[in-house]
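**Q** coordinates for the following, if possible.
(one chain, ligands or ions: 1)
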Amino acid sequence: MAARAEGLTKAYGSGETRVVALDAVSVSVPHGEFVAIMGPSGSGKSTLMHCLAGLDTATGGQIWIGDNEITRLKDKKLTQLRRDRIGFIFQAFNLLPTLTALENITLPMDIAGRKADQAWVDKVIDTVGLAGRLKHRPTELSGGQQQRVACARALASRPDIIFADEPTGNLDSRAGAEILAFLRSSVDDLGQTIVMVTHDPVAASYADRVLFLADGRIVDELLEPSADSVLDRMRKFDGAGRRS
Ligand SMILES: Nc1ncnc2c1ncn2[C@@H]1O[C@H](COP(=O)(O)OP(=O)(O)OP(=O)(O)O)[C@@H](O)[C@H]1O
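**A** Predicted coordinates for the structure are as follows:
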């Protein structure tokens, strides 16, 4: 498994203001799978992703990235594991404005003092179609191109797993489709493992499996989803809080 959680519970606050964001969630993500996490607003999607990625601490239960139980790791080791084994793609791209596209792509490895595998980085750059844009700074790139840089950055260090938080949320549908096709091909052609939070049934349809959360629990899953089958499943929720 690339990532796994057993009985993962996350509560915020205490006493009367206590909110149980995740209620004994168990989930496994095999290597080479593309999983989408969906559910109404407040159902715990971001919390689940942040806990799995070691960005937030669990209140109870266990989490593994590969063979490492991250719920046992101290801060320093956890930071190291996140840096070396996990890639992130955010809705807001999060590129450094003063660096070129290429410098942004290799930055995590430069910070870690790791030498890039040049052949791999070239292949990633080729796959995301950025070869002609490497010397540009983020402000000189379109939103879709900036997100492609972010995807290449996430892939460049060959992480065990990539967590993507609404990666197409800031893009128009054409640029979004390009990013999703790219994520799909990084799973099919490069063997990547991806967990993606999304509100969009079309985005979810690119995944191998969709997990549905409601009130901090996994309530359903769909294999080989289509946008229509995802939409059908979403209609079964009462609609409360669902983004329109
Ligand atoms: N830092 C926090 N302090 C207190 N409560 C929090 C905190 N973060 C999240 N919550 C609560 O935990 C629950 C789950 O939140 P979470 O952000 O994971 O939901 P989500 O499904 O990602 O929502 P959305 O689709 O709106 O982004 C919500 O009830 C939320 O109010």
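
**Q** residues contacting Ala53?
**A** Ala53 makes contacts with Arg82, Ile86, Phe88, Phe163, as judged by Cβ atoms under 8 Å, 6 or more residues apart in numbering. C-beta: built from backbone N, CA, C; applies to glycine.

**Q** of these, which is the most crowded?
**A** Highest neighbour count within these: Phe163, with 26 neighbours (other Cβ atoms under 10 Å).

**Q** poorly predicted segments of this protein, please.
**A** Applying pLDDT under 70 to the chain picks out residues 238-244.

**Q** which residues in it form strands?
**A** Residue ranges of the strands in the chain, as given by DSSP state E, are 3-12, 19-29, 34-38, 60-65, 68-69, 86-89, 161-165, 194-197, 209-214, 217-223.

**Q** shouldn't His199 be in contact with Met38?
**A** Yes - using Cβ atoms under 8 Å, His199 makes contact with Met38 at a distance of 7.1 Å.

**Q** among the two, which residue is more densely surrounded?
**A** Between His199 and Met38, counting by other Cβ under 10 Å, Met38 is the more crowded of the two (29 against 18).

**Q** is that one in a bridge, and if so with what?
**A** Phe212 (DSSP bridges).

**Q** quick check: it vs the ligand, distance?
**A** In this view, Met38 and the ligand are 9 Å apart by Cβ to the nearest ligand atom, to the nearest Å.

**Q** what's the answer for Ser28, then?
**A** Distance, Ser28 to the ligand, using Cβ to the nearest ligand atom: 20 Å.

**Q** show me the contacts for that residue.
**A** Taking Cβ under 8 Å, 6+ apart as the test, what Ser28 contacts is Met1, Ala3, Arg4, Ala5.
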